[in-house]
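Show me the folded form of this:
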Amino acid sequence: MTADADEPDRTAFLTAGLNQIDQGIAVFDAGLRLVLWNARFLDLMDLPETLVEAGLPFARLVRFLAGRGEYGDRIDVAAVVEARVRTARDRPRFYTERTTFDRRTIAVQTSPLPEGGFVTVYTDVSDRSLADAFTPERSDLLEARVNRRTLELRLLADELQRRIRQIQETSSALAKSEQRLRLITDNVPAAIAYLDDAMMVTYANRRYVGLFPRHPGAVVGKRLPDLVPASVFAAMAHDMALALTGQSRTFELALPRRAGAPLMTRNVLVPEIADGTVRGMFVLCLDVTEEKRAEEALRQAQKMSAVGQLAGGLAHDFNNLLTVVLGNLAGLRDRIPADLFAEYVEPAIRAGTRGTGLTRRLLAFARQQPLESVSVDVPSLIAGVAQLLRRSLPGNITLHCTETETDGYPALADPHRLEDAIVNMAINARDAMPEGGVLTLATAYPTLKRGPEGDDALPPGDYVRITVSDTGTGMDAETLAHAFEPFFTTKPFGRGSGLGLSMVYGFVKQSGGAITLRSQPGRGTSVQILLPRAREVQVRAPEPALPADVLPRGQGELVLLVEDDEDVRRIVRRQLVDLGYGVLEARAGTEAVALLAAVEDIRILVSDIVMPGGVDGRALAERARRDRPELRVVLMSGYAGPADAAQREAGGVPILRKPFGAAALAMALRGSRDEQMGKRG
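So this is what the prediction gives:
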């Protein structure tokens with residue numbers, strides 16, 4: 001209620017103070033325009049708010065009052081207006097009483113202002129006791145009272161101005177605090193937002209805005225259903241509805257991205273409740289993509305480990321069977337005619353030997369097949385594999401071999417197993433391109449600052465990366481998730497065993513590397529292998545094969561043979577006897593301990609590693625060599641780790657891999673003798 005634009009706050013607070021008094025007040029400037037009034041003025045004069053406004057001409061007000069009969073029923077309105085305007089310009093000081101059209105008596109006290117214009121005070125004196133108080137004789141008293149009240153109102157306005165300055169200072173401090181809070185929330189590793197009860201975003205930090213790349217800078221002020229795809233909102237609608245009933249909710253959600261895998265999020269909804277009503281909810285959204293990938297990698301590793309243990313156990317039992325089969329077949333060599341041996345026995349020996357290859361494949365998957373890791377020139381090895389592949393690939397498949405650097409370094413791996421792995425992956429690529437395409441074998445030499453995704457066990461360092469990629473049919477997400485599982489195959493029955501990629505997986509892991517598989521339907525497949533860089537690798541030359549008639553033989557020494565499988569024990573006993581040794585048998589480690597303590601003539605201990613009864617081969621060997629340092633020891637195993645690691649675990653004791661023949665047994669016994677003589681020397 002003001003026309004003074006120079007001091008809007010002061011005038012507003014002055015008007016607010018005037019509204020608290022019981023008299024109506026109206027102030028007109030020198031131009032007879034309304035500049036200040038209070039609510040009581042409108043009430044006493046029964047004026048509509050649409051009429052009264054800053055700058056209202058005095059003449060217009062008089063015309064309105066005259067028009068509704070304030071100055072009599074039969075009057076010349078124009079003449080009344082002209083007369084009252086003329087009187088007002090003369091800056092009058094007067095007191096009068098008038099009866100309004102609604103029969104109320106109003107005392108009107110008008111006083112001129114020093115700067116021009118006048119102020120009029122209206123008082124309802126329908127009660128005559130009030131009318132007596134406003135006689136002309138008491139005008140001066142009324143004016144003094146008005147001046148005092150005006151002074152009080154000015155002081156009140158000054159106080160209000162001071163309060164306003166305090167509020168402005170507080171607002172400025174709050175604004176700075178809000179800026180600091182925004183800076184903090186924009187840099188925390190979480191998306192934070194507030195949604196009202198209509199699911200409209202009223203606050204969002206930088207990370208929350210980044211969840212909606214299709215709506216850059218336009219998230220606040222939009223409803224959540226308009227920001228996300230319908231399928232995504234349907235997945236969260238139930239939790240959102242429960243949050244609006246006052247329940248805190250936590251749920252996980254996959255948000256699609258324009259490229260790559262979806263963003264996995266964990267969302268926390270905290271409702272805001274005021275006076276028992278849910279006003280909205282606070283949203284905390286965390287990116288758990290890496291966490292989910294790690295969990296999936298852990299599940300996959302646990303699954304592969306379980307299957308690997310099963311495969312290792314099967315290989316162990318199968319190696320025992322092959323030891324019996326091949327040992328008995330070999331024993332027939334000098335006991336049946338040569339033609340019968342060639343026709344019946346020799347094919348069986350070849351079949352048994354192929355069986356050892358199957359156990360090696362199972363052990364490779366179980367990561368228990370010993371590796372002969374050496375320094376491998378990978379590009380040269382790939383070049384040799386490529387020559388083999390070019391002869392077997394159809395004409396509609398093009399083979400490329402690439403190397404990112406010419407001064408690369410060698411990898412530490414078993415070259416034969418690496419060749420098998422590359423050929424296996426290349427065959428898979430060939431089968432994935434029935435209509436032809438491009439097969440690429442690439443070599444690179446990355447230096448990793450951290451292990452690849454999903455494989456935290458791989459330390460940083462220098463690696464050799466081998467990539468086998470094709471432009472074939474590719475794999476969907478479901479197939480990709482099971483690709484490394486043993487016996488899983490998408491090939492027709494009879495065309496694939498499902499062990500190819502699983503054996504490659506086992507070989508790479510056993511070699512201290514990592515393998516990743518990327519594929520999309522219609523866009524081909526890429527398999528990447530990381531192998532550690534070879535440094536100073538000592539390669540031991542293989543022992544030359546010796547003919548049977550020059551095998552090292554015993555001199556009648558007594559051998560304690562410890563084996564829980566009776567058939568295997570019988571075969572090994574026969575081989576020992578044929579090599580010139582005496583044999584004493586035990587079925588368990590505990591029994592062997594007793595025999596070693598009781599029989600001083602035992603010179604050699606030959607024991608299986610895995611045995612029941614609480615004392616296995618390693619424990620038996622350690623105890624025997626502690627109690628009898630002169631004793632020679634050889635251990636046998638159907639499934640052990642790499643040879644060097646196994647021998648270290650067994651204190652340098654030679655390890656015989658099942659199945660083995662008399663020649664391997666003789667060489668192991670000679671090795672144990674040479675070691676014992678070296679200790680004595």
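
packing partners for the helix or strand containing residue 480?
Using DSSP states H and E, residue 480 sits within helix 477-482. Here helix 477-482 touches strand 514-519, going by 3 or more CB pairs under 8 Å, 6 or more residues apart in numbering; DSSP states H and E. (C-beta placed from N, C-alpha, C; glycine too.)

Buried residues, the strand it packs on. List them.
514, 515, 517, 519 (16 or more other CB atoms under 10 Å).

Repeat that for stretch 630-640.
631, 632, 633, 634, 635, 636, 637, 638, 639, 640.

Check the offset of that stretch from the chain's centre.
48 Å (CA atoms, centre = their mean, to the nearest Å).

for stretch 72-84, same thing?
Averaged over its C-alpha atoms, stretch 72-84 has a centre that lies 86 Å from its chain's centre (CA atoms, centre = their mean).

So what does residue 555 have for phi and psi?
Backbone geometry at residue 555, expressed as degrees, to the nearest 10, gives phi -120, psi 40.

Equivalent analysis for residue 241, please.
phi -60, psi -40.

And it, how close does it get to residue 384?
Distance, residue 241 to residue 384, using CB to CB, to the nearest Å: 65 Å.

next one: residue 580
From residue 580 to residue 384 the distance is 44 Å (CB to CB).

Helices of the stretch 551-681 of the chain, start to end?
566-578, 589-598, 617-627, 643-649, 662-680 (DSSP state H, counting those that start in this stretch).

in what helix or strand does the closest residue in space to residue 535 that isn't next to it in sequence lie?
Spatial nearest neighbour of residue 535, excluding adjacent residues (CB to CB, 6 or more residues apart in numbering): residue 412 at 7.6 Å. Using DSSP H and E, residue 412 falls within strand 411-413.

Does anything pack onto that strand? Which helices or strands?
Strand 411-413 packs on strand 374-376, strand 525-532, going by 3+ CB pairs under 8 Å, 6+ apart.

residues making contact with the shortest one?
Under the criterion CB atoms under 8 Å, 6 or more residues apart in numbering, residues 410, 411, 412, 413, 414, 415, 418, 534, 537, 539 lie in contact with strand 374-376.

Which among these count as buried?
410, 411, 412, 413, 414, 415, 418, 534.

need the next SSE after the strand holding residue 412, C-terminal direction.
Following strand 411-413 toward the C-terminus (DSSP H and E): helix 415-431.

Of all the residues in that following helix, which ones are buried?
415, 417-426, 428-430.

Next: stretch 36-49.
Those would be 36, 37, 38, 39, 40, 41, 42, 44, 45, 47, for stretch 36-49 by 16+ other CB under 10 Å.

what's the answer for stretch 436-446, then?
Buried, per 16+ other CB under 10 Å, within stretch 436-446: 437, 439, 440, 441, 442, 443, 444, 445.

Which ones among the residues you listed map onto helices?
Among the buried residues of stretch 436-446, DSSP state H puts none in helices.

Next, the residue nearest to residue 421 when sequence neighbours are not counted: secondary structure please.
In space, and not counting its chain neighbours, residue 421 is closest to residue 504: 4.5 Å by CB to CB, 6+ apart. Here residue 504 is recorded as helix under DSSP: H, G, I helix; E, B strand; the rest coil.

quick one: residue 504 and residue 423 touch, right?
No. Between residue 504 and residue 423 there is no contact under CB atoms under 8 Å: 10.1 Å.

give me the low-pLDDT residue ranges for the stretch 451-600 of the chain?
Applying pLDDT under 70 to the stretch 451-600 of the chain flags residues 451-457, 482-483, 485-500, 536-551.

Just give me the neighbour total for the nearest residue to residue 615 once chain neighbours are set aside.
Nearest non-adjacent residue to residue 615, counting by CB to CB, 6+ apart: residue 589, 3.0 Å away. Neighbourhood size, residue 589 [other CB atoms under 10 Å]: 23.

Could you check how far residue 589 is from residue 658?
Counting by CB to CB - residue 589 and residue 658 are separated by 18 Å.

Extract the C-alpha set from the helix holding residue 480 and format it as CSV.
Output in CSV follows, covering the C-alpha atoms of helix 477-482 (Å, rounded to 0.1, in the frame of the first residue of the first chain):
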residue,chain,number,x,y,z
ALA,A,477,25.2,-62.6,-23.1
GLU,A,478,23.9,-66.0,-22.0
THR,A,479,26.3,-68.0,-24.0
LEU,A,480,29.2,-65.6,-23.0
ALA,A,481,28.5,-66.3,-19.4
HIS,A,482,29.0,-70.0,-19.8
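
ok, and for that helix, which residues are buried?
Here helix 477-482 shows residue 480 as buried, counting by 16+ other CB under 10 Å.

cool, and stretch 98-113?
100, 105, 106, 107, 108, 109, 110, 111.

chain center to it: distance?
80 Å.

do stretch 402-420 as well
Worked out by CA atoms, centre = their mean, stretch 402-420 lies 33 Å from the chain centre.

Quick one: mean pLDDT for that stretch?
The average pLDDT within stretch 402-420 is 82.

before we move on, what about stretch 288-307?
Stretch 288-307 comes out at a mean pLDDT of 72.

again, but for stretch 198-205
For stretch 198-205, the mean confidence score works out to 88.

quick one: low-confidence parts of the stretch 151-300 of the chain?
174-188, 214-217, 258-261, 297, 300.

Show me where it has its helices.
206-210, 224-227, 230-243, 289-331.

thinking again about what came up before, so the residue nearest to residue 535 bridges to which residues?
Note on residue 412: beta-bridge partners residue 375, judged by DSSP bridges.

about what we covered before: could you point out which of the contacts of strand 374-376 is nearest to residue 279?
Relative to residue 279, the closest of the contacts of strand 374-376 is residue 411; by CB to CB it sits at 62.7 Å.

one step back: roughly how far does the residue nearest to residue 421 sit from residue 525?
From residue 504 to residue 525 the distance is 13 Å (CB to CB).

Over to residue 390?
In terms of CB to CB, residue 390 sits 20 Å off from residue 525.

Please apply the same query to residue 382.
18 Å.

OK, contacts around residue 472?
Counted by CB under 8 Å, 6+ apart, residue 472 has contacts 429, 432, 433, 437, 524, 525.

What strand or helix carries it?
Using DSSP H and E, residue 472 falls outside every helix and strand.

Look up phi and psi at it.
Per degrees, to the nearest 10, the backbone of residue 472 is at phi -90, psi -150.
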